[in-house]
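Q: my questions concern the predicted model and sequence given below.
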Amino acid sequence: YRHPTGKIILGCPAGYLDKGESPIEAAQRELLEETGYEAESFTLIGSAYPYAGFSGQKNYFVRAFNASCKSSPKLEQSEIIRPRILTPREFEQAVAQNSEIDANLGTALYF
């Protein structure tokens, strides 16, 4: 659920880099916090500036390999997240049925 939109939106784990943290370290942390999953390895697959016209924010996209559930998500109080695992076909069906998706998910799938 994304508060600004008032909607449930399909997305991928995301967050900010903590001080001194690399994109890979942040991806490992966010994956575990938001989904309860850990992965054997991570690879940086791309980066993009989502709001280059008014912000210097840079998003990094990291792929996790061989992920498996290790614990329950540890969400922040303001987060409303329900982890779902979708096959590519299930995702295509959700999009075909007009499910809302986060732009970061679209960009991640592009990379």
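A: Sure thing, it's come through.

Q: any weak-confidence spans in the chain?
A: In the prediction, the chain carries no residues with pLDDT under 70.

Q: now the strands for it?
A: 37-38, 41-48, 59-65, 68-69 (DSSP state E).

Q: tabulate the ones you listed (CSV), appending distance to residue 13 and mean neighbour count.
A: In short, each C-beta sits where N, CA and C put it, glycine included. What follows is these, written out as CSV (distance: least, Cβ to Cβ, whole Å; neighbours: other Cβ atoms under 10 Å):
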stretch, distance to residue 13, mean neighbour count
strand 37-38, 8, 16
strand 41-48, 11, 14
strand 59-65, 9, 17
strand 68-69, 13, 10
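
Q: want to throw these into TSV with distance to residue 22?
A: What follows is the strands of the chain, written out as TSV (distance: least, Cβ to Cβ, whole Å):
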stretch	distance to residue 22
strand 37-38	17
strand 41-48	9
strand 59-65	9
strand 68-69	22
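
Q: to residue 3, which of those lies closest?
A: Among the strands of the chain, strand 59-65 comes nearest to residue 3, with 19.2 Å by Cβ to Cβ.

Q: off-centre distance for the closest one?
A: Relative to the centre of its chain, strand 59-65 is centred 8 Å away, using Cα atoms, centre = their mean, to the nearest Å.

Q: do the same with stretch 83-99
A: 15 Å.

Q: tell me what the biggest helix by length in the chain is packed against?
A: The longest helix of the chain (DSSP state H) is helix 23-35. Packed against helix 23-35 by the contact rule (3 or more Cβ pairs under 8 Å, 6 or more residues apart in numbering; DSSP states H and E) you find strand 37-38, strand 41-48, strand 59-65.
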